[in-house]
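Q: Sequence first, predicted model second:
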Amino acid sequence: MGITFRKETFRDDFTFRNSPEHIRRFPFPFHEDAYMYAVNIEPHVVGPKGSVLENLIDVDEHYVAEMQDRALVLAEDPLRCQSLPHMTLAGWDLLELLMEQQALGYPEHFTLTRDGDRWRWINRPLGIDDTFTFGDTSTLPYGPMEYITRQSQGDFCILDQRDGNLWMDAGMVTTQADWSLDFDIGMNFFEWHAPVPLAHEKGIFVRALKFLTNIQQGKPARRLNWTMTINPRLDTSPENYHKWGPDRTTVTPENVGDKVHLRVELQSFWRLPRSNSIVFPIRCYLIKMDELVTQPKWARRLHRVIRDLPEELATYKGLTRYRPTLVEWLSRLDDGSPTSPGFGPD
Amino acid sequence: MSTGTTKLDVVVSDVVPVNELVTRFHFRRRDGQMLPTFSGGAHVVVEMRDGDRTRLNPYSLMGSPLDTREYTISVRRDDVGRGGSLFMHRSVKPGLEMVISYPVNLFSLDLRARKHLMLAGGIGITPFMAQTAQLAGEGGNFELHYTCRTASLGTYADVLRERYDRRIRLYHDDRDERIDLDRLLSTQPLGTHLYVCGPAGMINWARDRAASLGWPSEAVHFEHFAAPQPGLPFDVTLAVSGKTIRVGEQQSLLEAIEAAGVDPPYLCRGGVCGQCETNVISYDGKFIHNDHWLSEEDHRSGCKIMPCVSRFEGRSLVLER
């Protein structure tokens, strides 16, 4: 059977939609009626069939459209993809990981054949059939990281590990929530987290770094993060703030359901074998309020979460301007009945 | 995710005596698949079922990371050690099914280096076998200086000379040959990284000389080949698990905790990775800290211990495990 890939846009006319099956598999991030920071890291293992965790690297109905949007972003701004010279080996590691995982999870769409160093990669959704020499950059149209991440959903940060720290030395970042690879490239873990308030004093980053530097080959980990975005924009970068920032003033009681999107990041962490670096895929999922509230449990719970969110958190996530409008709209879908435990819809 | 790494089921495919002290072991996957790719400097933890006790020793992978049909390690026999190397030499034969960990690298190459300068002492040569193979495959610039007691104990010296020719320099103690370290360190091109693996004395000497000659500490990498030291038996109370255990003379504190059915995390079992760090709740006595993870301040504070290599002498010790 295979996936039916949607034709849609994440800019201009914003035709992005989730099919009913995809609404049900959305990684809703709230397991209870309130939200607070938590160290929600768990082993990245295969989850239930039909969920976004059915495969460790998820490919969904938005694949083709997302890859087209990435190509547009890169054409306007090639600095969204950068790799310092010592990271080429890590790029090959990532190429192998993504080809293996995509071919394993979606054999009807992707095929990887190896004959020693001669590899053949078939990507049917994007119409690619390339043969190349693993390890020889001259046999690919781009560097190995750029080649494979132009064909993989989500952003990818590759972190070099040295001196007991992690360094953001390579990445493909086109679907980010207001941060910039071009700004962070070459920074270490503490440097790129410097803008985050409070967490430093609590020692959270020291513990997180310790956890991440101990990630082992064969034992990836994951966590969910969330924010909200107005209109289904994948590219909400600081470079393009002038395009998406003003959107936040356009939310009205009439258009909440169509404009306001919950943005969930499934972040995973993997040790790469040849380079000993860590790759951090950040997979972005979007869902508009009209789609989300088709699941009554999620509608009730999201109302309570957003209503009760501490002010600092709401500010940090950039919700301030439209929160009252959103809460008012969601409140009409909250009959006050209890929500069942867990993330999934009823 | 706490304890150690994912495991691999392997079979011993070959056992090859290398010289009077060193034996090489080859492992293949029991299911016939390729083993996981690794990077030069990585080790695996080998589980040894020795009667009713399980020994877990880390050994550097010394094959080429470019070929993962098999893993190879080399084990130096230590007749006065705690018995792991003797078990490997005496009891591990071709065909034996064993369990090893996924590779872990705590002695990684810094791929930014313009040149890799390597110093090996004795069995400390093993991680460099993989690192030189990796660098040679990529056309990397390296130079290896290798000291051994006698020519016959120069494990793999002949292999290395044949593969890399003048990039290998050998020094034999019995001929009074000694690395002219100051000259070596002061004549390297900018951007050179130094890697040292061997006895503690050699590592300290190299780190000290490099620091005196103005090498940045980020450019100096080292791996201790430190096994847990034996010592007087002592008693420990594990507060979380509510158990009191005895640590035997030849047993590490970590092994005793594991034998009691408590499963603390670990990676290196050699006092460098920090995984098994444990809080001390109370003590009356003196710590014998053998680790390279905790700071001097941590050691003085009496609040923390690395159970993989450190011991205790005294009346009572209570740990948060």
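A: That came through fine. Numbers count the residues shown, from 1 in each chain, chains lettered A, B, ... in the order given.
Q: Spell out which residues of chain A are next to chain B.
A: In this structure, chain A approaches chain B at residues A:42-43, A:85-87, A:89, A:93, A:96, A:160-163, A:210, A:214, A:216-219, A:221, A:273-276, judged by C-beta under 8 Å from any C-beta of the partner chain. Yep, even glycine has a C-beta here, placed from its N, CA and C like the rest.
Q: Now a ChimeraX select for only the buried ones of the residues you listed.
A: Buried residues among those (16 or more other C-beta atoms under 10 Å in any protein chain shown), as a ChimeraX selection:
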select /A:86,87,89,93,96,160,161,162,214,216,217,219,221,273,274,275,276
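Q: Out of the residues of chain A next to chain B, list just those in helices.
A: In helices, judged by DSSP state H, the following of the residues of chain A next to chain B are found: A:89, A:93, A:96, A:210.
Q: give me every residue that touches the residue lying closest to B:S152 once chain neighbours are set aside.
A: Using C-beta to C-beta, 6 or more residues apart in numbering or on different chains and skipping the chain neighbours, the partner closest in space to B:S152 is B:N19 (5.9 Å). Shown in contact with B:N19 (C-beta atoms under 8 Å, 6 or more residues apart in numbering or on different chains): B:152-153, B:155.
Q: which among these end up buried?
A: Buried by 16+ other C-beta under 10 Å: B:153, B:155, out of the contacts of B:N19.
Q: hmm, back to that, within the helices and strands, which one has the residue nearest to B:S152?
A: Using DSSP states H and E, B:N19 falls within no helix or strand.
Q: quick one: buried residues of the helix or strand harbouring A:K243?
A: Counting by DSSP H and E, the secondary-structure element that holds A:K243 is helix A:241-244. Along helix A:241-244, these residues count as buried under the neighbour rule (16+ other C-beta under 10 Å): A:W244.
Q: quick one, strands of the stretch 201-321 of chain B?
A: Listed from the start of the chain, the stretch 201-321 of chain B has strands (DSSP state E, counting those that start in this stretch) covering B:220-224, B:234-238, B:243-247, B:278-288, B:304-305, B:311-319.
Q: likewise chain A?
A: With DSSP state E as the criterion, chain A has strands at A:42-43, A:81-83, A:110-115, A:118-123, A:128-133, A:155-162, A:165-172, A:221-230, A:260-271, A:278-288.
Q: tell me the angle of the fourth one relative to strand A:128-133?
A: Think strand A:118-123. Direction vectors for strand A:118-123 and strand A:128-133, defined by axes from the mean of the first three to the mean of the last three C-alpha atoms, to 10 degrees, enclose an angle of 160 degrees.
Q: Quick check: buried residues in strand A:118-123?
A: Buried residues in strand A:118-123 (16+ other C-beta under 10 Å): A:119, A:121-123.
Q: what's the answer for the fifth one, then?
A: Residues of strand A:128-133 classed as buried by neighbour count (16+ other C-beta under 10 Å): A:F132.
Q: And what about B:H26, helix, strand or coil?
A: In three-state terms, and counting by DSSP: H, G, I helix; E, B strand; the rest coil, B:H26 is strand.
Q: And the residue nearest to it when sequence neighbours are not counted, how far from chain A?
A: In space, B:H26 comes closest to B:D14 once its chain neighbours are excluded; the distance is 3.9 Å by C-beta to C-beta, 6+ apart. With the distance defined as C-beta to the nearest C-beta, to the nearest Å, B:D14 ends up 23 Å from chain A.
Q: Surely B:D14 touches B:T23?
A: No: using C-beta atoms under 8 Å, B:D14 is not in contact with B:T23, being 10.5 Å away.
Q: neighbour-wise, which of the two wins?
A: For B:D14 versus B:T23, neighbours defined as other C-beta atoms under 10 Å in any protein chain shown are more numerous around B:T23 (18 against 12).
Q: Enumerate every residue touching the more buried one.
A: B:15-17, B:74-75, B:77, B:88-89.
Q: Who does it form a beta bridge with?
A: Note on B:T23: beta-bridge partners by DSSP bridges are B:P17, B:V75.
Q: ok so, going back, and the strands of chain A as JSON lines, adding distance to B:G271?
A: As requested, those are exported to JSON lines (distance: least, C-beta to C-beta, whole Å):
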{"stretch": "strand A:42-43", "distance to B:G271": "27"}
{"stretch": "strand A:81-83", "distance to B:G271": "35"}
{"stretch": "strand A:110-115", "distance to B:G271": "40"}
{"stretch": "strand A:118-123", "distance to B:G271": "41"}
{"stretch": "strand A:128-133", "distance to B:G271": "42"}
{"stretch": "strand A:155-162", "distance to B:G271": "19"}
{"stretch": "strand A:165-172", "distance to B:G271": "20"}
{"stretch": "strand A:221-230", "distance to B:G271": "25"}
{"stretch": "strand A:260-271", "distance to B:G271": "22"}
{"stretch": "strand A:278-288", "distance to B:G271": "23"}
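Q: before we move on, back to that, just the contacts of B:N19 now: which is nearest chain A?
A: B:T155 (24.8 Å; C-beta to the nearest C-beta).
Q: Who are the contact partners of the residue lying closest to the closest one once chain neighbours are set aside?
A: Once flanking residues are discounted, B:T155 sits nearest to B:V22: 4.9 Å by C-beta to C-beta, 6+ apart. By C-beta under 8 Å, 6+ apart, the contact set of B:V22 is B:74-77, B:123, B:153, B:155.
Q: please redo it, this time with the cut-off set to 7 Å
A: Contact partners of B:V22, counting by C-beta atoms under 7 Å, 6 or more residues apart in numbering or on different chains, are B:74-76, B:123, B:155.
Q: so A:D163 makes contact with B:V220?
A: No: contact between A:D163 and B:V220 fails when scored by C-beta atoms under 7 Å: they sit 10.4 Å apart.
Q: shared neighbours of these two, anything?
A: Among the neighbours of A:D163, none is also in contact with B:V220 (C-beta under 7 Å, 6+ apart).
Q: Let's have the contacts of B:N19 in CSV, adding distance to A:F205.
A: Below are the contacts of B:N19 laid out as CSV (distance: C-beta to C-beta, whole Å):
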residue, distance to A:F205
B:S152, 52
B:L153, 47
B:T155, 43
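Q: any chance of the contacts of B:N19 in a markdown table, plus secondary structure?
A: Putting the contacts of B:N19 into a markdown table (three-state DSSP) gives the following:
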| residue | secondary structure |
| --- | --- |
| B:S152 | helix |
| B:L153 | helix |
| B:T155 | coil |
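Q: for the stretch 51-200 of chain B, what spans make up the strands?
A: Assigned by DSSP E, counting those that start in this stretch, the stretch 51-200 of chain B shows strands spanning B:53-60, B:71-76, B:97-101, B:104-105, B:115-121, B:142-148, B:168-172, B:192-198.
Q: any chance of those strands in a markdown table, with mean neighbour count, distance to B:C273 and mean pLDDT too?
A: Converted to a markdown table, those look like this (neighbours: other C-beta atoms under 10 Å in any protein chain shown; distance: least, C-beta to C-beta, whole Å; pLDDT from 0 to 100):
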| stretch | mean neighbour count | distance to B:C273 | mean pLDDT |
| --- | --- | --- | --- |
| strand B:53-60 | 20 | 10 | 90 |
| strand B:71-76 | 23 | 18 | 97 |
| strand B:97-101 | 17 | 12 | 96 |
| strand B:104-105 | 24 | 8 | 94 |
| strand B:115-121 | 24 | 21 | 97 |
| strand B:142-148 | 22 | 25 | 97 |
| strand B:168-172 | 18 | 29 | 97 |
| strand B:192-198 | 23 | 15 | 97 |
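Q: Tell me which of those approaches A:T229 most closely.
A: Shortest separation from A:T229 across these is recorded for strand B:104-105, at 38.5 Å, computed as C-beta to C-beta.
Q: So what are the sheet partners of that closest one and their directions?
A: Note on strand B:104-105: by DSSP bridges, its sheet partners are strand B:42-50 (antiparallel).
Q: who touches the partner strand?
A: Strand B:42-50 is touched from outside by B:4, B:54-61, B:71, B:84, B:87-88, B:98-101, B:103-105, B:269, with contacts defined as C-beta under 7 Å, 6+ apart.
Q: This completes my enquiry, with thanks.
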